[in-house]
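J.: below is the sequence, then the predicted model.
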Amino acid sequence: MGLTVNNLVEWMNNFATKIEQNKQYLSDLDTAIGDGDHGFNMSRGMSAVSQKLSTMPDSITDAFKQIAMTLISTVGGASGPLYGTAFLEMAKKSSSTSDIGELLEAALTGIKKRGGAVPGDKTMVDVWTELVPEVKDHSLTAAKIDEAVAHTKEMVAKKGRASYLGERSKGHIDPGSQSSGYLFKALLETEGIL
Amino acid sequence: MGLTVNNLVEWMNNFATKIEQNKQYLSDLDTAIGDGDHGFNMSRGMSAVSQKLSTMPDSITDAFKQIAMTLISTVGGASGPLYGTAFLEMAKKSSSTSDIGELLEAALTGIKKRGGAVPGDKTMVDVWTELVPEVKDHSLTAAKIDEAVAHTKEMVAKKGRASYLGERSKGHIDPGSQSSGYLFKALLETEGIL
Amino acid sequence: MNLGITLVSHVPEITKGLNQLLKQVAKDVPITIAGGTNDQDIGTSMDKILQAFSDNQTSEILAFYDLGSAKMNLELAQEMTSKKIHVYDVSFIEGAYTAAALVEAGVDLSEIEQQLEPLKIKK
Amino acid sequence: MNLGITLVSHVPEITKGLNQLLKQVAKDVPITIAGGTNDQDIGTSMDKILQAFSDNQTSEILAFYDLGSAKMNLELAQEMTSKKIHVYDVSFIEGAYTAAALVEAGVDLSEIEQQLEPLKIKK
Ligand SMILES: Nc1ncnc2c1ncn2[C@@H]1O[C@H](COP(=O)(O)OP(=O)(O)O)[C@@H](O)[C@H]1O
Ligand SMILES: Nc1ncnc2c1ncn2[C@@H]1O[C@H](COP(=O)(O)OP(=O)(O)O)[C@@H](O)[C@H]1O
Ligand SMILES: [Mg+2]
Ligand SMILES: [Mg+2]
Ligand SMILES: [Mg+2]
Ligand SMILES: [Mg+2]
């Protein structure tokens, strides 16, 4: 079946629900190595996205654009421009393909360009880098998502607020990686896309 | 005769008058290479000093201390801690000597320590460095004062706000050097100290 | 003045205060600010940055920011404006102060950038 | 917390805004501020700095300042207090942010100073 406007909206609503349910946990993760707002930022952003998508977009491209612009305008933290860029790149790419693997790959390239982070820097880039190939190989599982998120725990942050802590950023899961984990979980749970 | 509480107060009142008469000029000099407040800073400081000294201090040491603390509390700009330190050092030194040359030498050492400037950095240190030896040699003249002030014109600032302009600080007299010129002029005009 | 300045901070009060500091030495330089999120919370806003670009009288702008995440919104806004925007990874207050003083003095861009060089830091 | 922070800026609003930024990542760190002159004008005040030192709950303070002339008043105040004051010639906002985050994380002074090292600039 592949990606449609309908299952894209379903995916986003599922993601929004996970963010809502875990917003305190995400903010707690951010309190340890950041400024403690990641869950609230993402919750503000994703409820605006759900709201926006309650009017069904005309096309996949249109949907991605709306998601991107809404996140950019409402999130407030680093995750705003990062997730925003991810969806903006998917919007661009969706004019030539609706393959979710290719779309997510374009998103990852955008995230890396926007934030300048590379794998190992303890950012959402780590989770995306591990999981995008799994999507492309049709081998994504919940366990692999959990693992990718957990991997960030022992890393030393080189980008974002956690990087100010240097070695002290070790021993905590990166909040943006955790929220990205929810994005992939929601994708996995949405029938028909993968 | 040498320095007395009376002629010290006279010196300060003369200095305050010169500052008052030239406050716009001093601020204009500061507008060219700084933030345009040197005249107003010094005028605020020196009128507070005059006010303070209207009650005759008990001793030279006491007078210097009052001048120092008043300048530190009222000037607001870099010249506050700098002139303040100068008078504080004179207060300390005045317990062992009332020789104006030695006192001014201690003041100069204090200014250099406080601001970290060396001769050639286009600060008040330049004027003091040229003129303190003249005081010690009993050879200070108005012409030498004017010359010392004018010398700062062609210097490139290495300290203070003017240093942010780099090469562009050239071609303007340093405001703190000009106000220091007035201090030495006032000294020259006060009978009995030199 | 053919160069303007835009200040981006996570906190509205910081941009307002810094604007005051710069105005002292650069009263003729067009300075526009974008501080905080759209709800005036702590964070940055691409919309506010875009507004600050468009409110600036000049079409070539030197942009300064406080912390890394502000840079991402700055660069997003940079991609969405037709103005020429230069973003500097320098010490925020000290860098913006230096640039403002130099623009006011009529110094050209290449010389300004040379003077900003030693103020570069990892952000 | 056995380390505190004092922020010194020429502009009252900058110290207030920066305090907000730091509080986000360092809610337990005693932070005191000294912004502007005694008349709330742009400039610094030795009296306000001294007050900020004494208002700080700790007896060992990391002090940060914006422009060079603030440093002179800081050092004057340092000579007049019995508290232990460390003054850093680093990028003001970025340096204070780094130090606040590290103090909050319980990092000791020598490690903090190591992390401040790359933020040193000519001020
Ligand atoms: N330069 C970057 N590149 C990639 N991801 C980043 C970068 N900076 C921050 N992040 C991600 O953003 C997350 C923090 O988001 P959030 O708390 O919303 O923003 P902020 O740090 O501005 O408060 C981090 O956990 C990290 O995953
Ligand atoms: N580090 C320094 N060492 C010596 N003198 C200095 C230094 N910084 C500034 N000055 C002097 O102070 C003068 C500026 O004083 P003022 O305008 O009152 O202070 P601000 O620059 O803080 O506005 C300069 O002209 C210079 O002579
Ligand atoms: Mg955060
Ligand atoms: Mg934040
Ligand atoms: Mg001045
Ligand atoms: Mg000033």
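T.: All right, it came through fine. Residues are numbered from 1 along each chain as shown, chains lettered A, B, ... in the order given. Ligands and ions are numbered 1, 2, ... in the order given.

J.: identify the residues contacting residue 37.
T.: You didn't say which chain, so I picked chain A. Counting by C-beta atoms under 8 Å, 6 or more residues apart in numbering or on different chains, residue A:37 touches A:27, A:30, A:76, A:77, C:42, C:43, D:24. To be clear about C-beta, it is placed using only N, CA and C from the backbone, and glycine gets the same treatment.

J.: nope, chain C
T.: A:76, C:43, C:44, C:45.

J.: tell me the residue of chain C that sits nearest chain B?
T.: Nearest residue of chain C to chain B, counting by C-beta to the nearest C-beta: residue C:24, 4.2 Å away.

J.: do chain A as well
T.: For chain A, C-beta to the nearest C-beta, closest residue to chain B: residue A:164, 26.9 Å.

J.: what's the local residue count around that residue?
T.: Using other C-beta atoms under 10 Å in any protein chain shown, residue A:164 is surrounded by 23 other residues.

J.: can you check residue A:129 too?
T.: 18.

J.: which parts of chain A sit against chain C?
T.: Residues of chain A lying near chain C by C-beta under 8 Å from any C-beta of the partner chain: A:35, A:37, A:41, A:72-78, A:80-82, A:84-85, A:114-115, A:159-161, A:163.

J.: gap between residue A:182 and residue A:20?
T.: 10 Å (C-beta to C-beta, to the nearest Å).

J.: nearest spatial neighbour of the residue of chain C closest to chain B, skipping sequence neighbours?
T.: Of all residues not flanking residue C:24 in the chain, residue B:35 sits nearest, at 4.2 Å (C-beta to C-beta, 6 or more residues apart in numbering or on different chains).

J.: pretty sure the one you found contacts residue B:164?
T.: No - between residue B:35 and residue B:164 there is no contact under C-beta atoms under 8 Å: 10.3 Å.

J.: got any residues that touch both of those two?
T.: By C-beta under 8 Å, 6+ apart, the residues touching both residue B:35 and residue B:164 are residue C:25.

J.: now intersect the contacts of residue A:37 with the helices, please.
T.: A:27, A:30, D:24 (DSSP state H).

J.: could you dump those residues into TSV with neighbour count added?
T.: TSV is the format used below for the ones in helices among the contacts of residue A:37 (neighbours: other C-beta atoms under 10 Å in any protein chain shown):
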residue	neighbour count
A:27	20
A:30	29
D:24	20
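
J.: name the nearest of those relative to residue C:58.
T.: residue D:24 (33.0 Å; C-beta to C-beta).

J.: wait, the closest one sits on residue C:41?
T.: No - the pair residue D:24 / residue C:41 is not scored as a contact, 10.3 Å apart, by C-beta under 8 Å.

J.: what number of residues lie near the closest residue to ligand 1 within chain C?
T.: With C-beta to the nearest ligand atom as the measure, the residue in chain C that lies nearest ligand 1 is residue C:69; the distance is 3.6 Å. Residue C:69 has 27 neighbours, counted by other C-beta under 10 Å.

J.: for ligand 6, what's its nearest residue on chain A.
T.: residue A:164 (31.1 Å; C-beta to the ion).

J.: residues contacting residue 30?
T.: No chain in the question, so chain A it is. Taking C-beta under 8 Å, 6+ apart, one finds A:36, A:37, A:38, A:39, A:175 in contact with residue A:30.

J.: not quite, go with chain C.
T.: C:1, C:4, C:5, C:56, C:57, C:58.

J.: ok, now residue C:73?
T.: A:72, A:80, A:81, C:8, C:44, C:45, C:46, C:49.

J.: mind checking which of those are in helices?
T.: A:72, A:80, A:81, C:46, C:49.

J.: for the fourth one, which non-adjacent residue is spatially closest?
T.: Pointing back at residue C:46 there. residue C:73 (4.5 Å).

J.: helix or strand: which one has that neighbour?
T.: Following DSSP states H and E, one finds residue C:73 within helix C:68-80.

J.: after that helix comes which helix or strand?
T.: From helix C:68-80, the next helix or strand downstream (DSSP H and E) is strand C:84-87.

J.: which stretches of chain A form helices?
T.: A:5-21, A:23-33, A:38-53, A:60-74, A:79-93, A:100-115, A:124-136, A:142-151, A:175-189.

J.: give me the contact status of the fifth one with ligand 3.
T.: Looking back up the chat, that one is helix A:79-93. No - Helix A:79-93 lies out of reach of ligand 3 by C-beta under 5 Å from the ion, never closer than 7.5 Å.

J.: same thing with the second one?
T.: Yes - between helix A:23-33 and ligand 3, judged by C-beta under 5 Å from the ion, the touching residues are residue A:30.

J.: and that helix, is it in reach of ligand 1?
T.: Yes - counting by C-beta under 6 Å from any ligand atom, ligand 1 has neighbours in helix A:23-33: residue A:30.

J.: next, the angle from that helix to helix A:79-93.
T.: Relative orientation of helix A:23-33 and helix A:79-93, computed by axes from the mean of the first three to the mean of the last three C-alpha atoms, to 10 degrees: 120 degrees.

J.: check the contacts of residue A:37 against ligand 4, which are close?
T.: Okay, of the contacts of residue A:37 touching ligand 4 (C-beta under 5 Å from the ion), that's residue A:77.

J.: out of the contacts of residue A:37, which one sits closest to residue A:139?
T.: Nearest to residue A:139 among the contacts of residue A:37, with distances taken as C-beta to C-beta, is residue A:30, at 30.2 Å.

J.: who in chain C is up against chain A?
T.: So chain C meets chain A at C:37-39, C:41-47, C:67-69, C:72-73, C:75-76 (C-beta under 8 Å from any C-beta).

J.: one more time with 6 Å
T.: Selection of chain C residues close to chain A by C-beta under 6 Å from any C-beta of the partner chain yields C:37, C:43, C:46, C:47, C:69, C:72, C:73, C:76.

J.: now for those residues: which two are most distant?
T.: C:47 and C:69 (15.2 Å).

J.: next, count neighbours for the residue nearest to residue A:192 when sequence neighbours are not counted.
T.: Residue nearest to residue A:192 in three dimensions, not counting chain neighbours: residue A:1, with 4.2 Å by C-beta to C-beta, 6+ apart. By the criterion of other C-beta under 10 Å, residue A:1 has 9 neighbours.

J.: isn't residue A:1 right up against residue A:193?
T.: No - using C-beta atoms under 6 Å, residue A:1 is not in contact with residue A:193, being 8.0 Å away.

J.: relative to ligand 2, how far out is residue A:7?
T.: Distance of residue A:7 to ligand 2, given as C-beta to the nearest ligand atom, to the nearest Å: 63 Å.

J.: repeat that for residue A:19.
T.: Residue A:19 is 49 Å from ligand 2, by C-beta to the nearest ligand atom.

J.: off-centre distance for the helix holding residue C:73?
T.: 12 Å (C-alpha atoms, centre = their mean, to the nearest Å).

J.: can you check stretch A:139-158 too?
T.: Worked out by C-alpha atoms, centre = their mean, stretch A:139-158 lies 13 Å from the chain centre.

J.: could I get it in CSV with only the CA atoms?
T.: C-alpha atoms of stretch A:139-158 as CSV (Å, rounded to 0.1, in the frame of the first residue of the first chain):
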residue,chain,number,x,y,z
SER,A,139,13.7,-4.9,9.2
LEU,A,140,12.6,-2.3,11.8
THR,A,141,11.5,-3.8,15.1
ALA,A,142,10.5,-2.3,18.4
ALA,A,143,13.5,-3.9,20.0
LYS,A,144,15.9,-2.3,17.6
ILE,A,145,14.3,1.1,18.3
ASP,A,146,14.7,0.6,22.0
GLU,A,147,18.3,-0.4,21.5
ALA,A,148,19.1,2.6,19.3
VAL,A,149,17.7,4.9,21.9
ALA,A,150,19.6,3.1,24.7
HIS,A,151,22.9,3.4,22.8
THR,A,152,22.9,7.2,23.4
LYS,A,153,23.1,6.6,27.1
GLU,A,154,26.9,6.0,27.2
MET,A,155,27.8,8.6,24.7
VAL,A,156,29.4,12.0,25.5
ALA,A,157,27.5,14.8,24.0
LYS,A,158,29.2,16.9,21.4
